[in-house]
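J.: Got a sequence here, can you build the structure:
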Amino acid sequence: MTVAAEKSTRTVAPFRGDQVGSFLRPKALKDARQAFVSGSISSEELRKAEDEEINRLVDKQVEVGLKAVTDGEFRRSWWHLDFLEGLTGIEGYVPEHGYFFEGVETEKYDVRNTGKIAFNPNHPFFKDFVYLKESVGDRALPKATIPSPNQLLHQGIRDETIYPTVEAFCEDIQQAYRETIQEFYRLGCRYLQIDDCFWGVLCYDKVVEDLSEEELTNLKELSAKNVQGILKDKPADLVITTHICRGNYASTFAGSGAYEPVAKELFGQTDYDGYFLEYDTERSGGFEPLRFYKGQGQIVLGLITSKTGELEEKEDIKARIQEAAKYVPLEQLCLSTQCGFASTEEGNHLTEEEQWNKVKLVLEVAQEVWGN
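T.: Coordinates of the predicted model:
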């Protein structure tokens, strides 16, 4: 039996051909942001420029056939920091170093804990989602993306004078996220993605080698509890997925390693409705770790890279879907790129035309495999 022999149309998220969320920033948007930084235009003028480009992006996503549509993260500099510094008790600052990726260091910026962490009812992401929802209308499902609470577990963020224990730290983070999720829901969000590089870090070969078994076990358990904590009391008709990544900055990566070290906890102890997984290169290992997934949701295979413009061969992608189906039933599989196209405003090294060709490839393969 070939993968094309079984057809199973999905009408709810995550969709057979889906997307991670971020898109390359158009030149007009980059120019507007630079003008704002230099003081040449006001914040209102910047937002108007963002609105215009988001409208164009929404139209394009609908045109190519995506059922889930984002704002491309066009109002952000970073996929995660812009959201995190909007929480009460977290602030952005300029550290001594940026993040280290393969052969490059990012811009110097990070977040740190400065007070008790709490829900911010005036978080700018709420206004941003309302705009996206209005722009999309009834043409598709608006999808919001925010970073995982686990991103705050990275070393150096927690202020131990405010939170002597990591458990107390996590309790307040979880409560802030639960209230944030409820507010997104109140505003009409029915598809929310939680982006999580922390699980990815725990997969890195070097990290696994450097941590003791006890340290790794504790971090995995803490991460799983954080996830379950924010999913508590989730509305039944709100789809919450996660995206696990190994770094995506200007077409570079942060680390390599299979999902095996975290598979039992990630796939067996968390209750997301879908898992977007990076599988575009050998750096992510094989599909064997998916044997731990026994949930009723979807595994979204990131088999098509967003880092380069070269198109993958359809038959190669279909063969890999067939391989993954040995561990997760075909009807519980979906397809996407392995990450967004611009996790930071710099964007990956491909053209907008190449970006859309990648999206079209995802949708074409999904149509041929699942019939939708």
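
J.: distance between stretch 117-131 and the chain's centre?
T.: 18 Å (Cα atoms, centre = their mean, to the nearest Å).

J.: tell me how far the ends of that stretch are from each other?
T.: Start-to-end span of stretch 117-131 (Cα to Cα, to the nearest Å) is 27 Å.

J.: List the buried residues for it?
T.: Using 16 or more other Cβ atoms under 10 Å as the burial criterion, the residues of stretch 117-131 that qualify are 117, 119-120, 123, 125-126, 128-129, 131. (C-beta placed from N, C-alpha, C; glycine too.)

J.: which strand is the longest one in this protein?
T.: The single longest strand within the chain, with elements called by DSSP state E, is strand 110-118.

J.: Following element in sequence after that one, please.
T.: helix 124-136 (DSSP states H and E).

J.: ok, back up a step: contacts made by the longest strand of the chain with the rest, please.
T.: Defining contact as Cβ atoms under 8 Å, 6 or more residues apart in numbering, one finds that strand 110-118 is touched by 81, 84-85, 87-95, 152, 156-159, 162-163, 169, 172-173, 175-176.

J.: In helices, which of the residues you listed appear?
T.: Taking DSSP state H as the definition of helices, the contacts of strand 110-118 contribute 81, 84, 169, 172-173, 175-176.

J.: among these, which two are most distant?
T.: L81 and Q175 (21.0 Å; Cβ to Cβ).

J.: check which helix or strand covers the spatially most central residue of the chain.
T.: Residue closest to the average C-alpha location in the chain (Cα atoms, centre = their mean): D195, at 3.3 Å. Per DSSP H and E: D195 is located in strand 191-196.

J.: picking up where we left off before, list only those of the contacts of strand 110-118 flagged as buried.
T.: Looks like the contacts of strand 110-118 have 81, 84-85, 87-90, 152, 158, 163, 169, 172-173, 175-176 buried, using 16+ other Cβ under 10 Å.

J.: Out of these, which is nearest to E352?
T.: Closest to E352, out of all of the buried ones among the contacts of strand 110-118 and judged by Cβ to Cβ, is L81, at 24.5 Å.

J.: Check what pLDDT that closest one gets.
T.: What the model reports as pLDDT for L81 is 91.

J.: likewise E105?
T.: 63.

J.: Spit out the contact partners of the residue nearest to S22 when sequence neighbours are not counted.
T.: With sequence-adjacent residues excluded and distances taken as Cβ to Cβ, 6 or more residues apart in numbering, S22 is closest to G340, at 3.0 Å. Applying Cβ under 8 Å, 6+ apart to G340 gives the contacts 19-23, 73, 79, 248, 306.

J.: Turn those into a markdown table, columns for distance to F36.
T.: Converted to a markdown table, these look like this (distance: Cβ to Cβ, whole Å):
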| residue | distance to F36 |
| --- | --- |
| Q19 | 27 |
| V20 | 26 |
| G21 | 23 |
| S22 | 20 |
| F23 | 20 |
| E73 | 17 |
| W79 | 20 |
| N248 | 25 |
| S306 | 27 |
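
J.: need the helices for this protein, in chain order.
T.: Using DSSP H, helices in the chain cover 27-37, 43-64, 81-84, 124-136, 166-186, 198-201, 205-210, 213-231, 260-268, 314-324, 352-370.

J.: in the last one, what's buried?
T.: Yep, that's helix 352-370 we're talking about. 354-359, 361-363, 365-366, 369-370.

J.: a markdown table for these, including distance to L231 and pLDDT?
T.: Shown next, in a markdown table, are the buried residues of helix 352-370 (distance: Cβ to Cβ, whole Å; pLDDT from 0 to 100):
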| residue | distance to L231 | pLDDT |
| --- | --- | --- |
| E354 | 36 | 97 |
| Q355 | 32 | 98 |
| W356 | 33 | 98 |
| N357 | 35 | 98 |
| K358 | 30 | 98 |
| V359 | 29 | 98 |
| L361 | 32 | 98 |
| V362 | 27 | 98 |
| L363 | 29 | 98 |
| V365 | 30 | 98 |
| A366 | 27 | 98 |
| V369 | 29 | 98 |
| W370 | 27 | 97 |
